[in-house]
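Peer 1: sequence first, predicted coordinates after that:
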Amino acid sequence: AGVSWDDINNDQQSTDNVLHNGMGTKTQRYSPLTDLNTENVKHLYPAWSFSFGGEKQRGQESQPLIYDGKMFVTGSYSRAWAIDVKTGEELWQYEQRLPEGIMPCCDVVNRGGALYDNLFIFGTLDAKLVALDQESGDVVWSEKIGDYKEGYSYTAAPLIVNNMVVTGVSGGEFGVLGRVEARDAKTGEMIWSRPTVEGNMGHIWKDGKKSENGISGTRNATWPGDMYKQGGAATWLGGTYDPDTNLIYFGAGNPAPWNAHTRPGDNLFSSSIIAIKPETGKISWHYQKTPHDAWDYDGVNMCVPFDAEGGKYCASADRNGFFYVLDRTNGKLKQAKPFVSKVNWAEKIDMKTGKPVETGKRPGDPSETDGKKGDSVFVTPSFLGAKNWMPMSYNPNTGLFYVPSNEWGMDIWNEPITYKAGAAYLGAGFNIQPLYEDYIGAVRAVDPMTGEIKWEAKNNAPLWSGTMTTAGNLVFYGTPEGFLKAVDARTGEELWKFQTGSGVVGQPITWKQDGSQYVAVTSGWGGAVPLWGGEVAKRVKFLNQGGSVWVFKIPDALANM
Ligand SMILES: O=C(O)c1cc(C(=O)O)c2c(n1)C(=O)C(=O)c1cc(C(=O)O)[nH]c1-2
């Protein structure tokens with residue numbers, strides 16, 4: 001009984017449940033179901049809605065999981081629920097007792113949990129992993145990921161690989177040490193820990209004992225002095241696993257602090273994609289998208305595995321505005337094209353070197369002006385990114401990625417900064433601005449092999465929800481204005497929408513149950529935009545908060561037509 005690794009590995013093919021983040025460890029967010037399709041989606045109607053209750057609303061970014069007639073979903077402030085999928089009745093509720101001093105940078109969000117055996121495992125804002133019994137909601141084990149007093153937290157859904165639960169850390173804005181860690185999913189015991197800042201040694205545990213496990217090659221060649229110890233490169237979005245290559249792919253975030261003048265060098269492995277061997281935690285290859293990042297372009301965006309033209313690739317739509325395709329066996333660059341209309345920090349990515357050709361838009365060094373504030377520059381995209389955390393989906397039938405993208409720019413300048421444990425470690429100021437009157441968000445259908453945009457669906461507010469696609473030629477996504485929408489995967493034509501009562505910044509899923517296809521999504525406006533969005537935050541300040549999960553189905557009479 002319970003959820004096995006085989007079940008999880010088969011998640012994308014098995015349609016009667018959703019066992020893993022991304023609807024499979026590859027996180028393609030693709031369902032082979034065709035019951036619901038472009039013809040009948042207009043009949044989709046709500047089966048039930050469940051309120052997360054309380055005053056603790058804020059951003060609801062969770063992807064629900066479905067197993068054995070139960071939905072497992074997390075909410076803001078490190079809460080989790082099990083719900084009867086048929087009736088929408090609550091089975092149990094768990095609420096982490098959060099200390100006063102938690103320091104999540106970008107809202108009190110959670111993006112979902114992981115199922116393994118009889119457990120539901122999720123990360124909390126006080127940087128713990130909590131494993132709950134699926135039946136009772138009781139805590140089976142709990143382990144510390146990092147010290148919340150130093151700025152560590154966790155918001156991502158864990159990744160399951162074999163018998164391991166694999167997680168990263170949040171806290172890049174506080175100079176934490178980014179890392180990827182594998183624990184025994186049944187007990188929480190550490191198996192390996194792999195820092196993502198060059199110069200820091202990894203460790204492997206044997207019989208409960210920690211041993212050295214260095215990476216080969218240069219040690220700390222890309223950071224000055226001791227700065228690698230607080231180098232950031234937070235792994236705050238979790239990762240993907242591909243059984244074909246037997247590699248774990250993680251994005252590593254921005255180098256700390258933001259002020260790049262303090263840390264000459266490429267600052268590996270920040271703003272990079274890293275491929276890790278699951279047995280040892282060793283880095284197999286790495287690819288840096290933004291060397292010596294000066295704009296908080298971060299780099300956590302997942303590299304989503306897909307196969308095309310006989311090759312094994314992964315694709316990453318980066319905050320820096322480029323859509324990257326890498327050979328996922330060795331990290332070699334195959335393609336990199338912009339997926340937003342204005343990218344002004346780099347002209348292009350040089351296909352020979354794999355590096356960006358910059359245009360000179362780095363914020364000025366404060367020591368070259370009055371010592372307090374360096375010259376400000378206007379840069380596109382803004383640091384909230386051409387695409388932030390919200391996941392894209394890949395449809396193998398259309399061969400297209402469906403990317404939730406945003407068009408905005410920022411004024412950014414640097415200030416002096418020194419590291420202090422538990423304090424913001426930026427050394428930068430900024431103001432984000434819209435570029436266009438009529439829209440900020442746009443779902444874009446990207447052909448990964450050419451970089452061509454096949455269609456786009458614009459949205460007034462910035463898009464902050466994931467997309468999900470099906471063999472029924474549908475793409476689902478949410479809007480901050482409150483709608484869950486279904487569009488035609490081939491054309492982008494809008495076929496259905498439903499107003500959920502608050503902004504949708506969640507991640508839609510679909511599955512089949514008792515003969516009909518279901519769709520679910522969380523609703524509740526929040527995340528980084530209202531907190532950090534500058535002029536954009538002002539433009540969308542009318543949007544209301546919420547906290548609920550919605551479940552939809554088609555009428556039984558239409559289910560098999
Ligand atoms: O560096 C980090 O550790 C870190 C963590 C998080 C997070 O855990 O949510 C975000 C970011 N950075 C970030 O840069 C960012 O834009 C962001 C947006 C969001 C969100 O949920 O809307 N989280 C985060």
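Peer 2: Looks like it arrived, so ask away.

Peer 1: need the outlier residue of the chain, farthest from its centre.
Peer 2: residue 370 (38.5 Å; CA atoms, centre = their mean).

Peer 1: quick one, helices of the stretch 1-150 of the chain?
Peer 2: Listed in chain order, the helices of the stretch 1-150 of the chain (DSSP state H, counting those that start in this stretch) span 5-9.

Peer 1: next one: phi and psi at the closest residue to residue 331 other than its chain neighbours?
Peer 2: Excluding its sequence neighbours, the residue lying closest to residue 331 (CB to CB, 6 or more residues apart in numbering) is residue 285, at 3.5 Å. Yep, even glycine has a C-beta here, placed from its N, CA and C like the rest. Dihedral angles of residue 285 (phi, psi; degrees, to the nearest 10) stand at phi -160, psi 160.

Peer 1: what is the burial count for residue 501?
Peer 2: 17 (other CB atoms under 10 Å).

Peer 1: report the mean per-residue pLDDT for stretch 116-130.
Peer 2: The pLDDT scores in stretch 116-130 average 98.

Peer 1: do that stretch and the ligand meet at all?
Peer 2: No: Stretch 116-130 does not reach the ligand (CB under 6 Å from any ligand atom); its nearest approach is 8.9 Å.

Peer 1: how close does whatever residue of the stretch 451-561 of the chain ends up closest to the ligand get to residue 183?
Peer 2: Nearest residue of the stretch 451-561 of the chain to the ligand: residue 527, at 2.8 Å (CB to the nearest ligand atom). From residue 527 across to residue 183, the span is 27 Å (CB to CB, to the nearest Å).

Peer 1: who's more crowded, the two?
Peer 2: Of the pair residue 527 and residue 183, residue 527 is the one with more neighbours under other CB under 10 Å, namely 29 against 25.

Peer 1: okay, the more buried one: pLDDT?
Peer 2: So, for residue 527, pLDDT stands at 97.

Peer 1: nearest residue to the residue of the stretch 451-561 of the chain closest to the ligand in space, please, no chain neighbours.
Peer 2: Closest residue to residue 527 apart from its sequence neighbours, by CB to CB, 6+ apart: residue 59 at 4.1 Å.

Peer 1: now residue 522
Peer 2: Per CB to CB, 6+ apart, closest to residue 522 is residue 506, 3.5 Å.

Peer 1: before we move on, the earlier item: I'd say the residue nearest to residue 527 and residue 524 touch.
Peer 2: Yes: here residue 59 reaches residue 524: they are 6.2 Å apart, a contact under CB atoms under 8 Å.

Peer 1: shared neighbours, those two?
Peer 2: Each of 76, 505 lies in contact with both residue 59 and residue 524 under the rule CB atoms under 8 Å, 6 or more residues apart in numbering.

Peer 1: what are the phi and psi angles of residue 368?
Peer 2: phi -90, psi -10.

Peer 1: if you tally nearby residues, what's the number for it?
Peer 2: Residues lying near residue 368 (other CB under 10 Å) number 10.

Peer 1: quick one: it and residue 414 touch, right?
Peer 2: No: taking contacts as CB under 8 Å, residue 368 lies outside contact range of residue 414: 10.1 Å.

Peer 1: who touches both of these two?
Peer 2: residue 374.

Peer 1: so which residue of the stretch 101-250 of the chain comes closest to the ligand?
Peer 2: Counting by CB to the nearest ligand atom, the stretch 101-250 of the chain gets nearest to the ligand through residue 172 (2.3 Å).

Peer 1: so who does that residue touch?
Peer 2: 105, 178, 232, 233, 234, 236, 253, 254, 256, 298.

Peer 1: what kind of secondary structure is the fifth one in?
Peer 2: When states are read from DSSP: H, G, I helix; E, B strand; the rest coil, the local structure at residue 234 comes out as coil.

Peer 1: next, count neighbours for it.
Peer 2: Neighbour number of residue 234 under other CB under 10 Å is 34.

Peer 1: residues contacting it?
Peer 2: Taking CB under 8 Å, 6+ apart, one finds 168, 169, 170, 171, 172, 176, 178, 196, 252, 253, 254, 300 in contact with residue 234.

Peer 1: could you check the pLDDT of the closest residue to it other than its chain neighbours?
Peer 2: Excluding its sequence neighbours, the residue lying closest to residue 234 (CB to CB, 6+ apart) is residue 172, at 3.5 Å. Here the pLDDT value assigned to residue 172 is 97.

Peer 1: which residues in the protein form helices?
Peer 2: Assigned by DSSP state H, the helices in the chain fall at 5-9, 528-532, 534-539.

Peer 1: in the last one, which residues are buried?
Peer 2: Within helix 534-539, the residues that qualify as buried by neighbour count (16 or more other CB atoms under 10 Å) are 534, 536, 539.

Peer 1: dump the residues you listed into CSV; add pLDDT as well.
Peer 2: Shown next, in CSV, are those (pLDDT from 0 to 100):
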residue, pLDDT
534, 93
536, 95
539, 91
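
Peer 1: tell me the buried residues in stretch 15-24?
Peer 2: Of the residues in stretch 15-24, 15, 17, 18, 19, 20, 21, 22, 23, 24 count as buried by neighbour count, 16+ other CB under 10 Å.

Peer 1: closest to residue 351 among these?
Peer 2: The nearest member of these to residue 351, counting by CB to CB, is residue 22 at 28.7 Å.

Peer 1: wouldn't residue 403 be in contact with residue 318 here?
Peer 2: No: the pair residue 403 and residue 318 does not pass the contact test of CB under 8 Å, sitting 10.6 Å apart.

Peer 1: give me the common contacts of those two.
Peer 2: residue 387.

Peer 1: who does the least confident helix or strand in the chain by mean pLDDT touch, helix- and strand-wise?
Peer 2: Within the chain, no helix or strand scores below strand 209-213, which has a mean of 78 by mean pLDDT, DSSP states H and E. When contacts are defined as 3 or more CB pairs under 8 Å, 6 or more residues apart in numbering; DSSP states H and E, strand 209-213 sits against strand 202-206.

Peer 1: show the contacting residues for residue 463.
Peer 2: Counting by CB under 8 Å, 6+ apart, residue 463 has contacts 390, 404, 405, 406, 440, 441, 442, 443, 477, 479, 480.

Peer 1: those residues also near the ligand: which ones?
Peer 2: With CB under 6 Å from any ligand atom as the criterion, no member of these is in contact with the ligand.

Peer 1: which one of these is nearest residue 511?
Peer 2: Nearest member of the contacts of residue 463 to residue 511, counting by CB to CB, is residue 477, at 17.7 Å.

Peer 1: residues near residue 513, how many?
Peer 2: 15.

Peer 1: that one contacts residue 16, correct?
Peer 2: Yes: contact status for residue 513 versus residue 16: in contact at 6.5 Å, counting by CB under 8 Å.

Peer 1: contact residues of this structure facing the ligand?
Peer 2: Contact residues, the chain versus the ligand (CB under 6 Å from any ligand atom): 61, 105-107, 109, 155, 170-173, 234, 236, 253, 298, 384, 388-389, 527-528.

Peer 1: strands - which of the buried residues of stretch 15-24 land there?
Peer 2: Among those, the subset assigned to strands under DSSP state E is empty.

Peer 1: for the residues you listed, which one is nearest the ligand?
Peer 2: residue 21 (14.5 Å).

Peer 1: which residue sits closest to the closest one, ignoring its sequence neighbours?
Peer 2: residue 157 (3.7 Å).

Peer 1: flag the shaky bits of the protein, pLDDT-wise.
Peer 2: 213-219, 559-561 (pLDDT under 70).

Peer 1: next, the contact list for the residue of the stretch 251-400 of the chain found nearest the ligand, please.
Peer 2: Minimum separation of the stretch 251-400 of the chain from the ligand (CB to the nearest ligand atom) falls at residue 253, amounting to 4.4 Å. The contact partners of residue 253, by CB under 8 Å, 6+ apart, come to 172, 178, 232-237, 270-271, 298-300.

Peer 1: mind putting those into a markdown table with distance to residue 6?
Peer 2: Converted to a markdown table, the contacts of residue 253 look like this (distance: CB to CB, whole Å):
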| residue | distance to residue 6 |
| --- | --- |
| 172 | 35 |
| 178 | 31 |
| 232 | 37 |
| 233 | 33 |
| 234 | 32 |
| 235 | 27 |
| 236 | 29 |
| 237 | 26 |
| 270 | 36 |
| 271 | 35 |
| 298 | 34 |
| 299 | 32 |
| 300 | 29 |
